[in-house]
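>>> the following block contains a protein sequence and its predicted model.
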Amino acid sequence: MKRNRAWIALLMALCMVFALVACSSKSSSARSDNYYTKTEAAYEYEMEAPAAMADEAYGGVEAKAAGKVSTATTAANGESANLTGNAAGRKIIKNGDLSIQTREFDEFLTNLNRSILAVGGYVEASSINGNSYNKNRMRSADVTARVPAEQLDAFCDQVSELGNVTYKNLYTRDVTLTYVDLESHVKALRTEQQTLMDLLAKAEKVEDIILIQNRLSDVLYEIESYESTLRTFDDQIAYSSVHLGIQEVQRETTVEKETAGQEIARRFKENWEDVKDGVARFGINFVSDLPIIIVWVLFLGIIVLVIVRIVKGGPKRKARREKRKAMKLQKKYQKEQAKLQAKGEEKKE
């Protein structure tokens, strides 16, 4: 009798656990399906919400996470969510965009690589358009560098010394809310994982074992997915992405404010340089294209000569045709006269 009561109690406990597992599975699946949509919405909110509202929300989420951990009896000795990343405990992603002009393209790229390595970064992607210096089509490059977030400002200052920076945009994104929410999901799933492991060790029926193992696989998959996103955030927080658009120029564009006299002097100098460059370019193009010019001149000369001969030879050909026609008429007249003379002599006889 006592043995039967024990089995009944165990079955009731298993039923309650399965009910909790089913509810948790449904909730976790919904979270997994809508995760990326929620993440994008969180990004938009974090970019637009005022700092004060973000602080309040951050406190609410942290308290919520602590409540979940406490309810699940895995408070990790009362520790709160880990929010390392900067002095204020926020999770900030810093990135930047720069546009640079340079007259020494190859030297600039060499110095840029040295600066990236000097701050402890690396080149994530790069591309170069054009393979040589050309007046009409100069080279350009696009470089994406990853540098430590704390070195972002120092790196941008170094780049400003290497070339003429015409555009600079440094921007941040606060992902604290999303990060803490992900951590709370991972902690809850870890708790569920441990509970399922305990149940699996006690399960005796094959159906129960299969059911628990299926749910355990789903939990492990969700944990890996959330932790992968957290690792991506950690990488983006630790290393800033800087996109550099590099353009080779003959003259760098001034970015400092000028007086009227300075602007007149600069523009006069630029126009004079353009005139000299135009004359030099014309001379270079003329000499380099001289063989083609000679061929075209000979070809056109032959055409003109043929046309002139045709035009001048027209009257002569007409005179020759008229002369031949007159000679034919004369010969015909002579033949007719000879026939008439012959008929006259026949009558006399």
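In hand now; what should we look at?

>>> contacts, neighbours, all on C-alpha from now
Noted.

>>> now the strands for the stretch 101-250 of the chain?
Remark: strands assigned in the stretch 101-250 of the chain by DSSP state E, counting those that start in this stretch are 122-129, 140-148, 164-174, 239-248.

>>> out of those, which gets nearest to K328?
Each of these was checked against K328 via Cα to Cα, and the shortest separation belongs to strand 122-129, namely 78.9 Å.

>>> show me what the closest one is in contact with.
Strand 122-129 is contacted by residues N113, I116, R139, S140, A141, D142, V143, T144, A145, R146, V147 when judged by Cα atoms under 8 Å, 6 or more residues apart in numbering.

>>> to L298, which of the strands of the stretch 101-250 of the chain lies closest?
The minimum distance between L298 and the strands of the stretch 101-250 of the chain falls on strand 122-129, with 39.5 Å, by Cα to Cα.

>>> show me which parts of that closest one are buried, residue by residue.
Y122, V123 (16 or more other Cα atoms under 10 Å).

>>> longest helix in this protein, please.
Of all the elements of type helix in the chain, the one with the most residues (DSSP state H) is helix 290-348.

>>> what packs against that helix?
Helices and strands in packing contact with helix 290-348 are not found; criterion 3 or more Cα pairs under 8 Å, 6 or more residues apart in numbering; DSSP states H and E.

>>> ok, back up a step: and of the strands of the stretch 101-250 of the chain, who's closest to V304?
Checked against Cα to Cα, the stretch from these lying closest is strand 122-129, at 45.8 Å.

>>> residue ranges in the stretch 51-200 of the chain under the pLDDT threshold?
Low-confidence regions of the stretch 51-200 of the chain, defined here as pLDDT under 70, cover residues 51-88, 131-137.

>>> now the stretch 201-349 of the chain
Scanning the stretch 201-349 of the chain with the threshold set as pLDDT under 70 gives 253-258, 262-263, 266, 270, 274, 313-314, 347-349.

>>> make it 90
For the stretch 201-349 of the chain, applying pLDDT under 90 flags the ranges 203-204, 249-291, 293, 295, 297-301, 303-349.

>>> alpha carbons only: can I get stretch 99-113 in CSV?
Taking only C-alpha atoms (Å, rounded to 0.1, in the frame of the first residue of the first chain), the coordinates of stretch 99-113 have been written out as CSV:
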residue,chain,number,x,y,z
SER,A,99,36.1,60.3,-45.5
ILE,A,100,39.7,61.2,-46.3
GLN,A,101,41.6,62.9,-49.2
THR,A,102,45.3,62.2,-49.8
ARG,A,103,47.8,63.2,-52.4
GLU,A,104,50.1,60.3,-51.4
PHE,A,105,47.8,57.3,-51.9
ASP,A,106,50.3,54.4,-51.4
GLU,A,107,52.0,56.1,-48.5
PHE,A,108,48.7,56.8,-46.8
LEU,A,109,47.6,53.2,-47.0
THR,A,110,50.9,52.1,-45.5
ASN,A,111,50.7,54.5,-42.6
LEU,A,112,47.0,53.6,-42.1
ASN,A,113,47.8,50.0,-41.6
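
>>> and it, what's buried?
Those buried within stretch 99-113 under the rule 16+ other Cα under 10 Å are S99, I100, Q101, T102, F105, F108, L109, L112.

>>> ditto for stretch 222-236
Residues E222, I223, Y226, E227, L230, F233, D234, Q236 are the ones in stretch 222-236 that count as buried (16+ other Cα under 10 Å).

>>> for it, which outside residues touch it?
When contacts are defined by Cα under 8 Å, 6+ apart, stretch 222-236 is touched by residues S32, I93, K94, Y179, L182, E183, H185, V186, L189, R190.

>>> now the fourth one. Nearest residue, chain neighbours left out?
Nearest in space to Y179, with sequence neighbours left out and distances taken as Cα to Cα, 6 or more residues apart in numbering, is L230 at 6.8 Å.

>>> also the fifth one?
With Cα to Cα, 6+ apart as the criterion, L182 has its nearest non-adjacent residue at 6.2 Å, and that residue is Y226.
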